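Chemist: What shape does this take:
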Amino acid sequence: MKTSWLAALALVAGAACAQEAPPSLRVILVGDSTMATKSGYGDALCARFKPEVTCLNVARGGRSTKSFRAEGLWGQVQTLLRDRPAGQVDVVLMQFGHNDQPGKPGRSTDLQTEFPGNLANYIADVAPTGAHLVMLTPLTRRTFDPQGKLENNLRPWAEATIRVSTEHHVPLIDLNAISHTAVQTMGENEADTLAMAPKPVDAPAPGASGAERAGAANPVFDRTHLGAKGAQVFSAMVAEQLLVTMPELKRWMR
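Modeler: Next up, the predicted model:
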């Protein structure tokens, strides 16, 4: 399936070029605060596309696979996809996991049943619209243990996302693995410069992750959300992997 829709995208682009009327591209970002405006990498990723590309960042802080749909946010995305103009290519990038973890009322989901089921439902909703969905595993948190090892308690949600994407033949970027490796390599001091605010003297000790609240992240230091530097670092990772996954998008990137 992946090969067929990539080939179709290439054919559309090729045919349009022959007619001197290239198709338009719209990218829609769906996820939580690590992708959202002001607290994530989403806007920085949008800026990596050429000006003629429409890039909509509808990711919202504190949302999970459950609450993003329950609050009507997914319904708005579905309307956009159904009303796609002729000749426009839609690409949806989806990243969840942070708020699906236990202990978050109204947001957390069961890892074994509800979380993968919710992802599968999103895939089923996108399929008939003709849009192209790319799933991303959740961005790593940047919390090191006292021995200097980077924790990764989001990995089970990443692996569940990988299983669902494989089962449904949906392209995937394992951002969790890529970002975890990069942050482990840079170490805690450098990783702390990626936060929304400078590290204070009384910064959380190793092991304190900075839990995501249901709403936009406050501009304070934590090891989950991103400032301008972090947004640039991780948007570059996503852009690079997106071109590996969908090389046809190169013509639309800066």
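Chemist: Quick check, central residue of this structure?
Modeler: Gln95 (3.6 Å; C-alpha atoms, centre = their mean).
Chemist: contacting residues around Ala177?
Modeler: Neighbouring residues of Ala177 by C-beta atoms under 8 Å, 6 or more residues apart in numbering: 137, 158. No exception for glycine: its C-beta is placed from N, CA and C like everyone else's.
Chemist: doesn't it fall inside a helix?
Modeler: Yes. Under DSSP: H, G, I helix; E, B strand; the rest coil, Ala177 falls within a helix.
Chemist: tell me the pLDDT at it?
Modeler: At Ala177, the model reports a pLDDT of 98.
Chemist: ditto for Ala208
Modeler: If you check Ala208, the pLDDT there is 55.
Chemist: what about the strands in the stretch 101-250 of the chain?
Modeler: Along the stretch 101-250 of the chain, counting by DSSP state E, counting those that start in this stretch, strands occupy 132-136, 172-173.
Chemist: Quick check: which of the ones you listed is buried the most?
Modeler: Highest mean neighbour count among the strands of the stretch 101-250 of the chain (mean count of other C-beta atoms under 10 Å): strand 132-136, with a mean of 24.
Chemist: and it, which strands flank it?
Modeler: Applying DSSP bridges, strand 132-136 is found paired with strand 88-95 (parallel), strand 172-173 (parallel).
Chemist: hey, C-alpha coordinates of it in PDB?
Modeler: C-alpha atoms of strand 132-136 as PDB (Å, rounded to 0.1, in the frame of the first residue of the first chain):
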ATOM      1  CA  HIS A 132      -1.600  10.600   3.100                       C
ATOM      2  CA  LEU A 133      -1.000   9.800   6.800                       C
ATOM      3  CA  VAL A 134       2.400   9.500   8.300                       C
ATOM      4  CA  MET A 135       2.600   8.400  11.900                       C
ATOM      5  CA  LEU A 136       5.300   9.500  14.300                       C
END
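Chemist: And the contacts of it?
Modeler: For strand 132-136, the surrounding residues in contact (C-beta under 8 Å, 6+ apart) are 5, 9, 31, 89-95, 119, 122-123, 126, 161, 164-165, 170-175, 238, 242, 245-246.
Chemist: does the residue nearest to the centre of the chain have beta-bridge partners, and which?
Modeler: Taking DSSP bridges as the rule, Gln95 bridges to Gly31, Leu136.
Chemist: thinking again about what came up before, any chance of the strands of the stretch 101-250 of the chain in TSV, plus mean pLDDT and distance to Leu73?
Modeler: Formatted as TSV, the strands of the stretch 101-250 of the chain follow (pLDDT from 0 to 100; distance: least, C-beta to C-beta, whole Å):
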stretch	mean pLDDT	distance to Leu73
strand 132-136	98	16
strand 172-173	98	21
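Chemist: Looking at those, which is nearest to Pro219?
Modeler: strand 132-136 (24.2 Å; C-beta to C-beta).
Chemist: Can you say which of the strands paired with strand 132-136 is nearest to Arg254?
Modeler: strand 88-95 (16.1 Å).
Chemist: residues of that closest one that come out buried?
Modeler: For strand 88-95, burial by neighbour count (16 or more other C-beta atoms under 10 Å) applies to 89-95.
Chemist: contacting residues around it?
Modeler: 9, 12, 23-32, 34-35, 45, 59, 77, 80-81, 84, 122, 126, 129-139, 175, 238, 242, 246, 249.
Chemist: Could you export it as PDB, CA atoms only?
Modeler: C-alpha atoms of strand 88-95 as PDB (Å, rounded to 0.1, in the frame of the first residue of the first chain):
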ATOM      1  CA  GLN A  88      -4.300  19.500  -3.700                       C
ATOM      2  CA  VAL A  89      -2.200  16.800  -2.000                       C
ATOM      3  CA  ASP A  90      -2.900  16.500   1.800                       C
ATOM      4  CA  VAL A  91      -0.300  15.000   4.200                       C
ATOM      5  CA  VAL A  92      -1.200  14.400   7.800                       C
ATOM      6  CA  LEU A  93       1.600  14.000  10.400                       C
ATOM      7  CA  MET A  94       0.300  12.400  13.600                       C
ATOM      8  CA  GLN A  95       2.100  12.000  16.900                       C
END
